[in-house]
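Undergrad: Fold the following, please.
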Amino acid sequence: IISTPGMLFLLLALSLAGARSAAAAASVEVDWNTVVVTSKTIPTLQVVTNPLLADDTGFSSPVYQAEWAALKALNATHVRFVPWFPFPKRGVAELEPPSPANLGLCAGPVPPGYNLTLDCGAAGKITAVKAWYSRPLRQMDNDTAMCQGFEETGGCKSFANASDIVSQACVGQSKCVFPVPQSDGTFGNPCQPPPGVFCGELPAPNTPGKQLTLQCNDPSAVIYDIVFADWGTPQGGCGGYSAGSCTSRNASVYAAQQCVGKNKCSLVPYPALGDPCYGTPKTLVVQAQCNGTQGGTATPPASGASKRLAAIAQCERPFNYTSWSFDLLDPMMAEFMASTNGKVTIPNYSTQPAWIYDMTQWPYIDDPNNSDGGYASYPTDASPRILKWVGDYYGRLLSWYVKGEFTDEFGAKHIAPDGHKYNISMWEVFNEPEAEHQHTPETYTKEYDAVVTAIKKALGPHHPIQFVGLALAYSQLDYFTYFLNHSNHEPGIPLDWISYHHYSQCGDEAIPATWEGMFTQADKFISLVKQAEAIRKQLSPETKVDLDELGSFCGDSAATHVVPDLYWVAAAAHNAYLYSQFVLMGLDGATGWSQLVAYPAIPSLGLGGRDESVAMLDFKTGKGNARYWILSLCIQFSGPGDKVIQTTSSSTDVHAQAFVRPDGSRTILLINKTSKVQSVSFDASVTGGTFYIVDGTDGITAPPRTASFASPFQLNPFASVFLKVA
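TA: All right, here's what the predicted structure looks like:
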């Protein structure tokens, strides 16, 4: 008996709160007799190489065994394996192009801040060196890519002291590592522009209004000549520019019209000069001259960079040099293949040797364990020699992993010392090509055809293999329209699979309520997938789809911080939601969690941060977090062949989807899309079973906890739950 007014008020408040809670509860109704679609969608993941997975001569991770064991325990099929450009020495098997014995050992060109390496290996010591410090361009055979020497470009000639300085450091050694200095103090500056000449450089995306300003320093002087102007990818530097693979024919005329005869002028390249190479980062460069004696000033000015060091060394015993090395690639490939239990895998050695695309420089850091974000950056024009070189590289690479051997550019046979011969039945061609080498739909399609043709030739007609194309970062629809049109490919080129990616952003990592926005972003991606599917079904309906990078980012990817535990639960729910929606859509293919291993900066191991928030395993222990465990449940309680049942939830905050497995068992996936507790009740068709719950309650690396059936049932914030129906 409650007699006081205060207690009566409290009772009334609790009753009203309970009523509101009941009204907000999600009611899940399942029509087990209505099959919406039969699932064709595989839940899987990607493994991206990084040192925390390594046990090799470059690094021994303290958790690598636990990490590979976690992959094996998933027993997933169609797992994607991606050695990737931030770690060139872990992802590229031929970091330098070949050099023939009759010329000597070519090295470079190498920009400041990197090392020029001359290594005679078993051929003895270095006996002589010819070096260039200017703007040298490596001359390479169009068929074999073999070094034919260096040509100085950009209007500057190396001083003779370059050879003397490098020779003094390297002659008499079998291997010499020469750091290229950051300034001209060591070699001098051989690239000074002519008197009176001044230059400006404007790196500009296609953004109207960005401008380059030229002005004569003498107020009475005028610009009387535009020595050079280009909008595209010009080469060289002030005093010696030249057009690159992307160029605007109208740049010089435009600059002259705007500037000649004036003391000051401004140039706005876009939209005035249009877009001479869609998707490629462009720069406006102008080299001008004023009358009088005081010269001029450009805003922004020319960078003054672009000098590089190149060398040709002679060894005691001349030899044909190739840089082929699998020392850091093979151990991780072996672990990956052993941990996928003989299932179908999708390897993707996504990073092409950078020298294939840029003969001016292709620097990479010597440390195989720290990120080198600029390695895969030079745009491609898919010229005939690029098609030849990139095809040859992947043909040899696949021969190595499938046949255990390959023949190099000089006809020498290389045989795998461990005797491996992997059953590779799928191969993905490149990764996010529109970002990593600024491929257009046209250039990517040409290089895809070249790689597929070379791989099929290398493996022979009796080795069945399917190819995955695109692997897009941004999923622009014009790539689908062009690539999936068979008439844009060479005859006989298969379009077995396509792939593309999506990452949502969490919002404020410290405010869980903002993470709910990941589901809004997921819905936008789902809408895009529907558009892409319409294109695919029209142009190439036999092609399957692998959404092989699905994940979310939160916070600074390179920081030392650790994201909040609840974030992993939200990220798990986000991926499970995407998977469920694509199953319901009838997606014929796979959805891949990204990614098995990632980490913050770990100073104790000397590692910089690498996209911590996409991880599926704890970087300290190698144990699964919530993202890992919900994938494990998706593999265990759903998959291809399921009958996808008509399921409704009365609340947009709770997603529900029921399945009837091929063996007749029934499951329901429940997802709380919010940072609040949600109550879920079931209709009369669901009266018993066991809940398998991923919500972080028992610790973020704890396996899913179980609970007996209850209706209503409480879903903790961002919880993902499978109900195995009795």
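
Undergrad: Now do the contacts for residue 88.
TA: By CB atoms under 8 Å, 6 or more residues apart in numbering, the contact list for residue 88 reads 95, 351, 354, 364-365, 372, 375. In short, each C-beta sits where N, CA and C put it, glycine included.

Undergrad: Alpha carbons only: can I get the longest strand anywhere in the chain in CSV?
TA: Ranked by residue count and defined by DSSP state E, the top strand of the chain is strand 26-38. Extracted in CSV, the C-alpha atoms of strand 26-38 (Å, rounded to 0.1, in the frame of the first residue of the first chain):
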residue,chain,number,x,y,z
ALA,A,26,10.0,-4.1,-32.0
SER,A,27,7.7,-6.8,-33.0
VAL,A,28,9.2,-9.4,-35.3
GLU,A,29,6.9,-11.3,-37.6
VAL,A,30,8.1,-14.3,-39.7
ASP,A,31,6.0,-15.8,-42.5
TRP,A,32,7.8,-19.1,-42.8
ASN,A,33,5.7,-20.1,-45.8
THR,A,34,6.9,-17.2,-47.9
VAL,A,35,10.4,-17.6,-49.5
VAL,A,36,11.6,-14.2,-50.8
VAL,A,37,14.7,-15.7,-52.5
THR,A,38,17.2,-18.5,-52.1
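
Undergrad: Now the helix or strand following it: average pLDDT?
TA: Once strand 26-38 ends, the next helix or strand along the chain (criterion: DSSP states H and E) is strand 41-48. Mean pLDDT, computed over strand 41-48, is 98.

Undergrad: Outside of strand 41-48 itself, list whatever touches it.
TA: 53, 71, 74, 76-82, 84, 336, 548-549, 579, 582-583, 587-598, 616, 631, 634-635, 638-640.

Undergrad: one more time with 7 Å, if that's ok
TA: 71, 76-82, 84, 336, 548-549, 579, 582-583, 587, 589-596, 616, 631, 634-635, 638-640 (CB atoms under 7 Å, 6 or more residues apart in numbering).

Undergrad: Could you please name the strands it pairs with and the direction of each pair?
TA: Paired strands of strand 41-48, with direction, are strand 79-82 (parallel), strand 589-594 (parallel) (DSSP bridges).

Undergrad: Quick one: closest of these to residue 407.
TA: If you check each of those against residue 407 by CB to CB, strand 79-82 wins as the nearest, at 24.7 Å.

Undergrad: Need the contact partners of that closest one.
TA: For strand 79-82, the surrounding residues in contact (CB under 7 Å, 6+ apart) are 44-49, 336, 340, 345-348, 350, 428, 431, 548, 592.

Undergrad: for residue 406, which residues make a bridge with it?
TA: Here residue 406 sits in beta bridges with residue 414, going by DSSP bridges.

Undergrad: Surely it and residue 394 touch.
TA: No - with contact defined as CB atoms under 7 Å, residue 406 does not count as touching residue 394 (10.8 Å).

Undergrad: and those two? which has more neighbours close in?
TA: residue 394 (24 against 21; other CB atoms under 10 Å).

Undergrad: in what helix or strand does that one lie?
TA: Secondary structure assigned from DSSP H and E places residue 394 in helix 384-403.

Undergrad: Quick check: buried residues in that helix?
TA: Under the neighbour-count criterion of 16 or more other CB atoms under 10 Å, helix 384-403 has 386-403 buried.

Undergrad: outside of that helix, which residues touch it?
TA: Around helix 384-403, the neighbours that count as contacts under CB under 7 Å, 6+ apart are 93-94, 142-143, 145, 326, 333, 349, 352-353, 356-357, 380, 405-406, 416, 421-422, 424, 427, 446-447, 450-451, 453-455, 457-459, 463.

Undergrad: got the CA positions of that helix in CSV?
TA: The C-alpha trace of helix 384-403 is given here as CSV (Å, rounded to 0.1, in the frame of the first residue of the first chain):
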residue,chain,number,x,y,z
PRO,A,384,51.4,-1.0,-75.4
ARG,A,385,54.6,-1.4,-73.4
ILE,A,386,52.7,-1.0,-70.1
LEU,A,387,50.3,-3.7,-71.3
LYS,A,388,53.3,-6.0,-72.2
TRP,A,389,55.2,-5.4,-68.9
VAL,A,390,52.2,-5.7,-66.6
GLY,A,391,51.0,-8.9,-68.3
ASP,A,392,54.5,-10.4,-68.2
TYR,A,393,54.8,-9.6,-64.5
TYR,A,394,51.5,-11.3,-63.5
GLY,A,395,52.1,-14.2,-65.8
ARG,A,396,55.4,-15.0,-64.0
LEU,A,397,53.9,-14.3,-60.6
LEU,A,398,51.0,-16.8,-61.2
SER,A,399,53.4,-19.4,-62.6
TRP,A,400,55.5,-19.1,-59.5
TYR,A,401,52.5,-19.8,-57.2
VAL,A,402,50.7,-22.4,-59.3
LYS,A,403,53.6,-24.2,-60.9
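
Undergrad: where does this structure have low pLDDT?
TA: The chain contains residues with pLDDT under 70 at 1-24, 204-208, 279, 304-306, 557-558.

Undergrad: what number of residues lie near residue 303?
TA: If we define neighbours as other CB under 10 Å, then residue 303 has 13 of them.

Undergrad: Cross-check the contact I'm expecting between it and residue 203.
TA: No - the pair residue 303 / residue 203 is not scored as a contact, 9.2 Å apart, by CB under 7 Å.

Undergrad: re earlier: including distance to residue 283, could the strands paired with strand 41-48 go into a markdown table?
TA: As requested, these are arranged in a markdown table below (distance: least, CB to CB, whole Å):
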| stretch | distance to residue 283 |
| --- | --- |
| strand 79-82 | 30 |
| strand 589-594 | 33 |
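
Undergrad: Please work out which of the ones you listed is packed deepest.
TA: strand 589-594 (a mean of 27; mean count of other CB atoms under 10 Å).
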